[in-house]
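Asks: okay, predicted coordinates and the sequence, questions at the end:
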Amino acid sequence: MKIYKSLDDFPVITRPVVTIGTFDGVHLGHQKILKRIHKIAQRIKGETVLVTFWPHPRMVLFPEEHGVRLLSSFDEKCRLLASFGVDHLVFIPFTKDFSEMPSEEFIRSVLVEKIRTKILVIGYDHRFGKGREGSFDHLKARQKDYHFELEEIPRQDIDNVGISSTKIRKALESGDIATANEFLGKPYSLEGVVIRGDQIGRTLGFPTANIKIEESNKLIPMDGAYLVRVNTGSDSYGGMLNIGKRPTVSGAVKNIEVNVLNFEGDLYGKNIEVEFLEFLRPEKKFGNLEALKEQLQKDRQQALAYFGSGKIKPHDK
Ligand SMILES: Cc1cc2nc3c(=O)[nH]c(=O)nc-3n(C[C@H](O)[C@H](O)[C@H](O)COP(=O)(O)O)c2cc1C
Ligand SMILES: Nc1ncnc2c1ncn2[C@@H]1O[C@H](COP(=O)(O)OP(=O)(O)O)[C@@H](O)[C@H]1O
């Protein structure tokens, strides 16, 4: 997959089959569209193009709304889209100025002149351009002038799935990993570098790798303990992860930390990915470290029962 951070770099390609959207999370609904463009491209021996925006339009249009929580960081989105067969991924830098572009101009300058769209595939409810004025009907009316074919993803194909990035965000914020993963079609994940913590973990017999997330807008699931798959790049392990302020040790800031099962070694400075598999329990304040340790032992028993012992197989991506 080729990635373009500006439209200026977009080359002339063979029979572009194009779709547009933010595609945050690349969930099952998005995957349907990606499969559709892939199939059309195979049929007409063309190449697939996804036109997306960065930063997320809501972050630019409503900067006072601090609540935009992303399901996928820039890098995660690139990796996911590549795995679904996108050949060309175009990031249009989303600015206030760009958001003022009338939909007619967007179609002409971006879809027709730059990308030379052969077939455009969009959802029945997709809106684009200034004030969200552009729509499928609008494109249909002007189709002859633009010389591209249009394919609509019908209402039933989108609504029947009942999936939206908003529903996935709500599920994750309430610890409902099962629903989030079902809608995503894969486990929700976080990635980041392992940083130093207070070094209490090792004294409890439960060293924990503290993960620093690079993308500050990435959605962090509800506080609590989870079963996760830990991917170090070369290997995958089962793990138990905690999100929260660690009230037992009077932690001040929210931490994300994972105890990797059947692992010994140094993870400081390494980049790791954690995939959320199950919610274990809410975070609690224990009377003392001994009580916390007892709980962690119980958590470990549950984790071992879930994963079995030893290395586990990485998730099929
Ligand atoms: C699976 C798991 C569950 C945890 N649950 C709690 C909890 O319920 N309450 C709490 O105060 N800390 C909890 N912790 C956090 C511990 O307090 C933490 O691992 C310890 O403070 C070590 O911190 P350090 O990595 O900075 O040394 C949990 C940690 C893990 C790995
Ligand atoms: N099984 C393990 N799970 C997590 N980290 C481990 C494990 N074994 C060793 N480590 C190492 O120990 C560190 C965590 O130890 P800990 O005492 O909790 O210190 P810190 O407070 O700095 O996280 C990890 O960052 C990692 O480098």
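Replies: Good, I have the coordinates. Ligands and ions are numbered 1, 2, ... in the order given.
Asks: how many neighbours does the residue in the stretch 51-200 of the chain that ligand 1 sits nearest to have?
Replies: In the stretch 51-200 of the chain, the residue that lies nearest ligand 1 is Gly197 (2.7 Å; CB to the nearest ligand atom). To be clear about C-beta, it is placed using only N, CA and C from the backbone, and glycine gets the same treatment. Neighbour count of Gly197, defined by other CB atoms under 10 Å: 16.
Asks: cool, Lys32 as well?
Replies: 16.
Asks: and for the residue of the stretch 51-200 of the chain closest to ligand 1, nearest residue in space, chain neighbours not counted?
Replies: Spatial nearest neighbour of Gly197, excluding adjacent residues (CB to CB, 6 or more residues apart in numbering): Asn210 at 4.2 Å.
Asks: that older thread, in a strand, the residue of the stretch 51-200 of the chain closest to ligand 1, correct?
Replies: No - read with DSSP: H, G, I helix; E, B strand; the rest coil, Gly197 is coil and lies in no strand.
Asks: who are the neighbours in contact with it?
Replies: For Gly197, the contact set (CB atoms under 8 Å, 6 or more residues apart in numbering) comprises 208, 210, 255, 257.
Asks: send the alpha carbons of the biggest helix by length in the chain over as CSV?
Replies: In the chain, with assignment by DSSP state H, the single longest helix is helix 289-307. In CSV, the C-alpha atoms belonging to helix 289-307 read as follows (Å, rounded to 0.1, in the frame of the first residue of the first chain):
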residue,chain,number,x,y,z
LEU,A,289,-0.2,-4.2,49.4
GLU,A,290,-0.7,-7.7,50.8
ALA,A,291,-4.4,-7.6,49.8
LEU,A,292,-3.6,-6.3,46.4
LYS,A,293,-1.1,-9.1,45.9
GLU,A,294,-3.7,-11.7,46.9
GLN,A,295,-6.1,-10.2,44.3
LEU,A,296,-3.3,-10.3,41.6
GLN,A,297,-2.7,-13.9,42.4
LYS,A,298,-6.4,-14.6,41.7
ASP,A,299,-6.3,-12.6,38.5
ARG,A,300,-3.3,-14.6,37.4
GLN,A,301,-5.1,-17.9,38.0
GLN,A,302,-7.9,-16.6,35.8
ALA,A,303,-5.5,-15.5,33.2
LEU,A,304,-3.7,-18.8,33.2
ALA,A,305,-7.0,-20.7,32.9
TYR,A,306,-7.8,-18.5,29.9
PHE,A,307,-4.5,-18.7,28.0
